[in-house]
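# Using only what follows, build the 3D model:
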Amino acid sequence: MEQKICSVHLYGLFDRDNFEQIGRFVLLFAVELAYIVYMITAGVPSIANMITLGTVEQGETFNEALGIYEYSVGDNSMLFLLYGVVTIMITLGVLCFMMASVRCAYQAQITAEKGRPQPTLRQDIKTLTDRNIHKLLLTWPVLGILIFTITPLVFMILIAFTNYNHAHSL
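Numbering: from 1, shown residues only. Model (predicted):
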(Lines give C-alpha, C1' and ligand atoms only; values in the text may rest on other atoms or scores of the structure.)
Protein backbone atom coordinates (compact mmCIF):
# COMPACT_ATOMS: atom_id res chain seq x y z
CA MET A 1 0.00 0.00 0.00
CA GLU A 2 2.85 2.40 0.77
CA GLN A 3 4.30 1.86 -2.70
CA LYS A 4 1.00 2.82 -4.36
CA ILE A 5 0.64 5.96 -2.27
CA CYS A 6 4.25 6.92 -2.91
CA SER A 7 3.64 6.48 -6.65
CA VAL A 8 1.41 9.54 -6.45
CA HIS A 9 4.30 11.68 -5.23
CA LEU A 10 7.09 10.04 -7.23
CA TYR A 11 5.73 8.50 -10.42
CA GLY A 12 6.93 4.99 -11.07
CA LEU A 13 8.40 4.49 -7.58
CA PHE A 14 7.27 0.89 -7.48
CA ASP A 15 8.99 0.27 -10.82
CA ARG A 16 12.31 1.53 -9.41
CA ASP A 17 12.66 -1.54 -7.19
CA ASN A 18 12.25 -3.93 -10.12
CA PHE A 19 15.23 -3.96 -12.45
CA GLU A 20 13.03 -5.14 -15.32
CA GLN A 21 10.90 -2.01 -15.02
CA ILE A 22 13.64 0.59 -14.64
CA GLY A 23 12.78 1.96 -18.11
CA ARG A 24 9.22 2.65 -17.00
CA PHE A 25 10.49 4.37 -13.85
CA VAL A 26 12.82 6.60 -15.87
CA LEU A 27 10.01 7.49 -18.29
CA LEU A 28 7.48 8.27 -15.57
CA PHE A 29 10.00 10.21 -13.49
CA ALA A 30 11.08 12.25 -16.56
CA VAL A 31 7.47 13.27 -17.19
CA GLU A 32 7.03 14.29 -13.56
CA LEU A 33 10.29 16.24 -13.56
CA ALA A 34 9.38 18.02 -16.81
CA TYR A 35 6.01 19.02 -15.32
CA ILE A 36 7.62 20.37 -12.16
CA VAL A 37 10.14 22.39 -14.18
CA TYR A 38 7.33 23.71 -16.41
CA MET A 39 5.21 24.73 -13.44
CA ILE A 40 8.12 26.51 -11.75
CA THR A 41 9.25 28.37 -14.87
CA ALA A 42 5.99 29.11 -16.69
CA GLY A 43 2.96 27.35 -15.18
CA VAL A 44 2.53 29.23 -11.91
CA PRO A 45 3.01 32.66 -13.54
CA SER A 46 0.52 31.66 -16.25
CA ILE A 47 -2.11 30.77 -13.67
CA ALA A 48 -1.43 33.98 -11.72
CA ASN A 49 -1.70 36.08 -14.90
CA MET A 50 -4.86 34.23 -15.93
CA ILE A 51 -6.53 35.31 -12.71
CA THR A 52 -5.70 39.01 -13.16
CA LEU A 53 -5.57 39.10 -17.00
CA GLY A 54 -2.81 41.68 -16.62
CA THR A 55 -2.38 44.81 -14.58
CA VAL A 56 -0.72 47.20 -17.05
CA GLU A 57 -3.18 49.00 -19.29
CA GLN A 58 -2.37 50.31 -22.73
CA GLY A 59 -1.65 54.03 -22.44
CA GLU A 60 -1.81 57.01 -24.72
CA THR A 61 0.43 60.03 -24.16
CA PHE A 62 0.96 63.07 -26.32
CA ASN A 63 4.58 63.71 -27.28
CA GLU A 64 4.83 67.51 -27.63
CA ALA A 65 8.28 67.36 -29.25
CA LEU A 66 7.03 65.19 -32.09
CA GLY A 67 3.44 66.40 -32.05
CA ILE A 68 1.94 62.93 -32.07
CA TYR A 69 0.31 60.50 -29.67
CA GLU A 70 2.50 57.66 -28.48
CA TYR A 71 1.04 54.44 -27.21
CA SER A 72 2.57 52.38 -24.44
CA VAL A 73 2.01 48.66 -24.70
CA GLY A 74 -0.09 47.09 -21.98
CA ASP A 75 -0.47 43.49 -20.91
CA ASN A 76 -1.93 41.16 -23.52
CA SER A 77 -4.88 39.65 -21.66
CA MET A 78 -5.65 37.24 -24.51
CA LEU A 79 -2.24 35.59 -24.18
CA PHE A 80 -2.53 35.48 -20.39
CA LEU A 81 -5.87 33.71 -20.74
CA LEU A 82 -4.55 31.32 -23.39
CA TYR A 83 -1.44 30.38 -21.40
CA GLY A 84 -3.56 29.84 -18.30
CA VAL A 85 -5.95 27.52 -20.15
CA VAL A 86 -3.02 25.58 -21.64
CA THR A 87 -1.46 25.25 -18.18
CA ILE A 88 -4.72 23.92 -16.75
CA MET A 89 -5.00 21.40 -19.62
CA ILE A 90 -1.40 20.28 -19.06
CA THR A 91 -2.12 19.88 -15.35
CA LEU A 92 -5.20 17.75 -16.10
CA GLY A 93 -3.09 15.63 -18.44
CA VAL A 94 -0.46 15.13 -15.75
CA LEU A 95 -3.20 14.14 -13.28
CA CYS A 96 -4.35 11.48 -15.75
CA PHE A 97 -0.74 10.38 -16.09
CA MET A 98 -0.49 10.20 -12.28
CA MET A 99 -3.56 7.97 -12.11
CA ALA A 100 -2.02 5.70 -14.74
CA SER A 101 1.17 5.56 -12.67
CA VAL A 102 -0.75 4.49 -9.58
CA ARG A 103 -2.65 1.91 -11.64
CA CYS A 104 0.67 0.53 -12.96
CA ALA A 105 2.07 0.41 -9.42
CA TYR A 106 -1.03 -1.45 -8.24
CA GLN A 107 -0.80 -3.98 -11.07
CA ALA A 108 2.92 -4.45 -10.41
CA GLN A 109 2.22 -5.00 -6.72
CA ILE A 110 -0.46 -7.60 -7.48
CA THR A 111 1.91 -9.34 -9.91
CA ALA A 112 4.69 -9.34 -7.30
CA GLU A 113 2.37 -10.75 -4.62
CA LYS A 114 1.40 -13.61 -6.94
CA GLY A 115 5.09 -14.35 -7.56
CA ARG A 116 4.93 -13.72 -11.29
CA PRO A 117 7.78 -11.98 -13.14
CA GLN A 118 7.29 -8.29 -13.86
CA PRO A 119 6.88 -7.36 -17.54
CA THR A 120 9.66 -5.25 -18.97
CA LEU A 121 9.14 -1.95 -20.76
CA ARG A 122 9.82 -3.72 -24.04
CA GLN A 123 7.08 -6.26 -23.28
CA ASP A 124 4.69 -3.45 -22.35
CA ILE A 125 5.38 -1.74 -25.66
CA LYS A 126 4.92 -5.04 -27.51
CA THR A 127 1.44 -5.45 -25.97
CA LEU A 128 0.47 -2.16 -27.64
CA THR A 129 0.55 -3.93 -30.99
CA ASP A 130 -1.29 -6.98 -29.75
CA ARG A 131 -3.53 -6.96 -26.70
CA ASN A 132 -3.71 -3.17 -26.22
CA ILE A 133 -3.97 -2.11 -29.85
CA HIS A 134 -7.04 -0.03 -29.03
CA LYS A 135 -4.95 2.16 -26.72
CA LEU A 136 -2.34 2.71 -29.41
CA LEU A 137 -4.86 3.53 -32.12
CA LEU A 138 -7.06 5.83 -30.02
CA THR A 139 -4.33 7.84 -28.29
CA TRP A 140 -3.62 10.26 -31.16
CA PRO A 141 -7.26 10.97 -32.09
CA VAL A 142 -8.18 11.62 -28.46
CA LEU A 143 -5.17 13.91 -28.00
CA GLY A 144 -6.14 15.72 -31.20
CA ILE A 145 -9.68 16.25 -29.96
CA LEU A 146 -8.42 17.54 -26.62
CA ILE A 147 -5.82 19.86 -28.13
CA PHE A 148 -7.69 21.18 -31.17
CA THR A 149 -11.32 21.09 -29.99
CA ILE A 150 -11.69 21.09 -26.20
CA THR A 151 -8.87 23.55 -25.39
CA PRO A 152 -10.06 26.23 -27.87
CA LEU A 153 -13.64 25.67 -26.72
CA VAL A 154 -12.69 26.30 -23.08
CA PHE A 155 -10.66 29.34 -24.17
CA MET A 156 -13.62 30.81 -26.10
CA ILE A 157 -16.01 30.15 -23.23
CA LEU A 158 -13.67 31.98 -20.86
CA ILE A 159 -13.43 34.91 -23.30
CA ALA A 160 -17.22 35.18 -23.11
CA PHE A 161 -16.92 35.95 -19.39
CA THR A 162 -14.40 38.77 -19.82
CA ASN A 163 -14.96 42.33 -21.00
CA TYR A 164 -12.99 41.75 -24.21
CA ASN A 165 -14.34 43.73 -27.18
CA HIS A 166 -13.06 45.85 -30.06
CA ALA A 167 -12.02 48.61 -27.66
CA HIS A 168 -9.83 46.20 -25.70
CA SER A 169 -8.06 44.65 -28.67
CA LEU A 170 -4.47 45.51 -29.52
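# so what's M89 up against?
L146, I147, I150, T151, V154 (C-beta atoms under 8 Å, 6 or more residues apart in numbering). Backbone N, C-alpha and C define where each C-beta goes, glycine included.
# can you map out the strands along the chain?
Along the chain, counting by DSSP state E, strands occupy 59-63, 68-72.
# neighbours of V56, just the number please.
Residues contacting V56 under the criterion other C-beta atoms under 10 Å number 10.
# how about it, phi and psi?
Here is the backbone geometry of V56 (degrees, to the nearest 10): phi -100, psi 120.
# Isn't it up against D75?
Yes. The pair V56 / D75 is scored as a contact, 4.7 Å apart, by C-beta atoms under 8 Å.
# picking that back up, got the contacts of M89 as JSON lines, with neighbour count columns?
Below are the contacts of M89 laid out as JSON lines (neighbours: other C-beta atoms under 10 Å):
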{"residue": "L146", "neighbour count": "13"}
{"residue": "I147", "neighbour count": "13"}
{"residue": "I150", "neighbour count": "12"}
{"residue": "T151", "neighbour count": "17"}
{"residue": "V154", "neighbour count": "14"}
